[in-house]
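S.K.: predicted structure and sequence below. I'll ask about it afterward.
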Amino acid sequence: MRPSAIVLLVWTVAAQTVDPNAKALEDYQKRIAEYMKVHDKARSGVGKLKTTESPERIAKYEKEMAHKIHEAREHVTQGNIFTPEIAAALHHWTDEATKGEDKTTVHQSLRRSEPVVVELKVNRAYPKGVPLQTMPPSLLQNLPKLPPDLEYRVVGHALVLRDSGANLIVDYLPNLIP
Amino acid sequence: MLAQDAAPELTLPLTPKSVRFAVIGDFGTGGREQYEVARQMARFHEKFPYDFVLTMGDNLYGGESTADFKRKFEDPYKPLLDAGVKFFAVLGNHDNPNQRFYKPFNMNGKRYYDFRRGDAEFFALDSNYMDPEQIGWLKKELSGSDAKWKICYFHHPLYSHAKMHGSDTDLRKTLEPLFQQYGVRVVLSGHEHVYERVKPQHGIYYFVLGNSGELRFHDLRPSPDTVKGFDTDRTFALFEIAGDQLYFQVISRAGATVDSGMVPLLLIEKSRSANPLALEHNQ
């Protein structure tokens, strides 16, 4: 084999092994980190929630956190974190779970997990009293890791990024879940 | 005389120094039926003084204000709480995850945790959100545990023959291999608003109890894998671990025994047969 052919082969193999979503993942992690700065700043003002006998204290913490984060992100809209590029990557990662070898159990799990329908609005509270739909483990394994105060949730066909401490919808991506 | 006024009939052995606990699931309605189950729990506690209660989630339906916590948890279980009985909760899909900061639920701010009592270690899991971090934690804790009895409990059942939801197969695929590998003997869940005991799977005994407040009348489908089912009233369960035996008794809102039996300790390590040891039970 000629040297130029070897170079071409190595370049082709290397190109194939580079994750096409790496850039989107990097941008996603950056946006999550930016959000967490807002979250942490809010928490430094509210104070850390400790275990308490008072449900009122828990509700107050949630409300104050939501208020401070809402104020700091007053003008954000849907797509503030799930940009088109990140959305495309999320479709790819989700497809691996919902169309790959785990598809049967993932779909079954989604169907049986008490699906919910709620109106989604970024920077608004997840409606109180509405159940949180269960996330299939195989789906969670394919999605990028989040900091402890953030979580993924499924609402209908949408993927929701939720701040669990503040009970806030940080962003959502419609029509991600089949 | 009302059936619930009859003297509690205990089928458990009451062995000295045994580990004793109760189980409730899907209970936080604040309705009359929840209070009646709670009253039975208090009556049985006088005869069978259990130290703690495991909750299978859906601890509070609807609102979670201070008044809700009072009406749906503190008031119905006041006699037990006053007697020093501790509740160890897990989260259901109806629960705000911030319930983990509510001290009487003993979750210490954690979505998943474990604790030890005598020969038994209890692993409380968050089946709403079984992410890789939780799976890694469970694997580490199970592998490091030298408890004779390993008991896992969480909201969503791995096996269920109720019409409303059914088995969570993705969760089963994730968790059951770990349970088998590390010798988990008993798994408790809720979510379905019925009681069901499933034929042991891979040596693991599965109980579904999600009718301590809510009820889905006649929701169970007949299945050869159901050893015992009850879907016409609310229930709670009592458990007693004495050496190599785990005894159970499931009791209805009226105080009647719905199911009872004994689970022997798994003696055949890593058995893959469907039922390596016979279950003694009263049908």
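M.R.: Received the coordinates, thanks. Owing to the predicted nature of the structure, the values given are computational and were not obtained by experimental measurement.
S.K.: please report how far B:R71 lies from chain A.
M.R.: Separation of B:R71 from chain A (Cβ to the nearest Cβ, to the nearest Å): 11 Å. Where you see a C-beta, it was placed from the backbone N, CA and C, and this is true even at glycine.
S.K.: how about the strands in chain A?
M.R.: A:150-155, A:158-163, A:168-173 (DSSP state E).
S.K.: element containing the residue of the stretch 101-250 of chain B at minimum distance from chain A?
M.R.: Taking Cβ to the nearest Cβ as the measure, the point where the stretch 101-250 of chain B comes nearest chain A is B:D170, at 3.6 Å. Per DSSP states H and E, B:D170 falls inside helix B:169-181.
S.K.: what is that helix packed up against?
M.R.: helix A:103-111, helix A:137-142, helix B:132-144, strand B:204-209 (3 or more Cβ pairs under 8 Å, 6 or more residues apart in numbering or on different chains; DSSP states H and E).
S.K.: now it: buried residues?
M.R.: B:169-176, B:179-180 (16 or more other Cβ atoms under 10 Å in any protein chain shown).
S.K.: that helix to helix A:103-111, inter-axis angle?
M.R.: 110 degrees (axes from the mean of the first three to the mean of the last three Cα atoms, to 10 degrees).
S.K.: after helix B:169-181, which helix or strand is next? Please name it.
M.R.: Sequence-wise, the next helix or strand downstream of helix B:169-181 (DSSP H and E) is strand B:186-189.
S.K.: mind listing the strands that following strand pairs with, and their directions?
M.R.: As defined by DSSP bridges, the strand partners of strand B:186-189 come to strand B:149-153 (parallel), strand B:204-209 (parallel).
S.K.: show me the contact partners of the last one.
M.R.: In this case it means strand B:204-209. Strand B:204-209 is contacted from outside by B:23-25, B:56, B:157-160, B:162, B:176, B:179-180, B:184-192, B:194-198, B:200, B:235-237, B:248, B:250, B:263, B:279, using Cβ atoms under 8 Å, 6 or more residues apart in numbering or on different chains.
S.K.: what stretches of the chain score poorly on pLDDT?
M.R.: Chain wasn't specified; assuming chain A. Where chain A drops to pLDDT under 70, the residues are A:1-18.
S.K.: that answer is for a different chain, and I need it for chain B
M.R.: B:1-6, B:267-283.
S.K.: report the buried residues of the lengthiest helix in it.
M.R.: When chain B is parsed with DSSP state H, its longest helix is helix B:32-47. By neighbour count with 16+ other Cβ under 10 Å, helix B:32-47 contains the buried residues B:33-38, B:40-45.
S.K.: and whichever helix or strand comes after that helix, which strands flank it?
M.R.: Downstream of helix B:32-47, the next assigned helix or strand under DSSP H and E is strand B:52-55. Partners of strand B:52-55 in the sheet, by DSSP bridges, are strand B:19-24 (parallel), strand B:86-88 (parallel).
S.K.: returning to that earlier point: deepest-packed of the strands paired with strand B:186-189, please.
M.R.: Burial of those is given as mean neighbour count (mean count of other Cβ atoms under 10 Å in any protein chain shown); strand B:204-209 ranks first at a mean of 26.
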